[in-house]
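[1] What follows is a predicted protein model with its sequence.
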Amino acid sequence: MTWHVLGAGSLGGLWAARLARAGQPVRLLLRNPQRLAQYHAAGGLTLEENGVRQILPLSAEAITDSAPIHRLLLASKAYDAATAARALHARLAPGAEVILLQNGLGSQDQVASLLPQARCIFASSTEGAFRRGDFHVVHAGAGHTWLGTVPPSPAPEWLGELAQAGIAASWTADILGRLWRKLALNCAINPLTVLYHCRNGGLQAHGEEVAALCAELVALLLACGQADAAVDLQAEVERVIAATAANYSSMYQDVAAGRRTEIGYLLGHACHEAAQRQLALPRLQALEQRLRAHLGARGLPQD
Ligand code: NAP
């Protein structure tokens, strides 16, 4: 079964390269024929790990091709996932499996409603990768990927193929809990690092503000039926801040590089869910307004 990978970006490129190196059939899906020509001109996908560069001439096609797709890894940013799903709708075979690598929440439901013929598998990954240039991926830090469906279902047979390819992954019956927990950690840390223009460790000087945000995030998680994801949230936030003190958050890096953030699927999703439940979370809502204003002032999308 061919792994079609939409998005030869950081995470999609990493998965594609690893699967291909393990002998799995992989095809990259690029956004248009121009992008495909650029890929061929680059000679393939470069993966850089531990300072070693390897060029992998993976096969690739434009998403506008017509061959049916049975297994898709959707590796775009959250804000591009619905557009990509619409573009691939006609190519997805009935019963096709679609693995959604997007961070945050909201995009998964958008894609699932656009692709009713597919089995959508949600993923939450702590893998670290970035793009040094077009079709050049750097693996920056080993992590783990949790996979699962809503409602829960048995693990697919190909889970073992991931392990053989060096992709650390586990199946979970509570993928929503995993995604909510990661979203809450993100909401407590990333926006403040942007607003205070600091590394994660810089938030140790804003402990009271972080604690107040955690209290509101716990209230939101409980209101959303995510009690497990709320357990000891503040303690974990503080642990993450300490353990990653020297790092810049992904949102900080996006803003610094003038890239669109995934705010709409992280803090924006949290505030939207609170509003849906008429839950007053003044700190979180004020944080969202400050962050949106900050992005707007830099000419970046506020959604
Ligand atoms: P990325 O490097 O920006 O890659 C996204 C890729 O999607 C790009 O190659 C882009 O193509 C492609 N794409 C977007 N729309 C497309 C379309 N319509 N047709 C074809 N290709 C399309 O993003 P990323 O860092 O891999 O992140 C992907 C998701 O994983 C995000 O939700 C992120 O939060 C999550 N995540 C990332 C990491 C990480 O370390 N990078 C870790 C955990 C979670 P172009 O190159 O043509 O623009």
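    It's in.
[2] Please make it C-alpha for all contacts and neighbour counts, starting now.
    Will do.
[3] Now for residue 235, how many residues are close by?
    12 (other CA atoms under 10 Å).
[4] Same question for residue 185.
    Residue 185 has 21 neighbouring residues, counting by other CA under 10 Å.
[5] what's it in contact with, if anything?
    233, 236-237 (CA atoms under 8 Å, 6 or more residues apart in numbering).
[6] which stretches of the protein form helices?
    Ranges of helices in the chain, per DSSP state H, are 10-21, 33-42, 78-88, 107-114, 159-164, 175-195, 207-223, 227-230, 233-243, 250-256, 267-276, 282-297.
[7] Present those as JSON lines; the columns should include mean pLDDT and distance to the ligand.
    Written out in JSON lines, the entries for these read as follows (pLDDT from 0 to 100; distance: least, CA to the nearest ligand atom, whole Å):
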{"stretch": "helix 10-21", "mean pLDDT": "97", "distance to the ligand": "4"}
{"stretch": "helix 33-42", "mean pLDDT": "97", "distance to the ligand": "6"}
{"stretch": "helix 78-88", "mean pLDDT": "97", "distance to the ligand": "4"}
{"stretch": "helix 107-114", "mean pLDDT": "98", "distance to the ligand": "9"}
{"stretch": "helix 159-164", "mean pLDDT": "94", "distance to the ligand": "16"}
{"stretch": "helix 175-195", "mean pLDDT": "98", "distance to the ligand": "10"}
{"stretch": "helix 207-223", "mean pLDDT": "98", "distance to the ligand": "20"}
{"stretch": "helix 227-230", "mean pLDDT": "98", "distance to the ligand": "18"}
{"stretch": "helix 233-243", "mean pLDDT": "98", "distance to the ligand": "15"}
{"stretch": "helix 250-256", "mean pLDDT": "97", "distance to the ligand": "8"}
{"stretch": "helix 267-276", "mean pLDDT": "98", "distance to the ligand": "13"}
{"stretch": "helix 282-297", "mean pLDDT": "98", "distance to the ligand": "18"}
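[8] on that earlier part again, of the contacts of residue 185, keep whichever come out buried.
    The neighbour-count criterion (16 or more other CA atoms under 10 Å) marks 233, 237 among the contacts of residue 185 as buried.
[9] For residue 58, find the nearest of the helices of the chain.
    Between residue 58 and the helices of the chain, the shortest separation by CA to CA is 7.4 Å, and it involves helix 10-21.
[10] hmm, who's touching the biggest strand by length in the chain?
    If you go by DSSP state E, the chain has its longest strand at strand 92-100. Taking CA under 8 Å, 6+ apart as the criterion, the residues outside strand 92-100 that touch it are 68-75, 108, 117-123.
[11] is the ligand contacted by it?
    No - with CA under 6 Å from any ligand atom as the criterion, the ligand is not reached by strand 92-100; the gap is at least 8.5 Å.
[12] buried ones in that strand?
    Per 16+ other CA under 10 Å, strand 92-100 contains these buried residues: 92, 96-100.
[13] send the alpha carbons of it over as CSV?
    Provided in CSV are the C-alpha atoms of strand 92-100 (Å, rounded to 0.1, in the frame of the first residue of the first chain):
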residue,chain,number,x,y,z
LEU,A,92,-9.7,9.2,-1.9
ALA,A,93,-10.9,5.7,-2.4
PRO,A,94,-13.8,4.5,-0.2
GLY,A,95,-12.4,3.4,3.2
ALA,A,96,-9.2,5.2,2.6
GLU,A,97,-7.2,6.0,5.7
VAL,A,98,-6.1,9.6,6.3
ILE,A,99,-3.6,10.4,9.1
LEU,A,100,-3.9,14.0,10.3
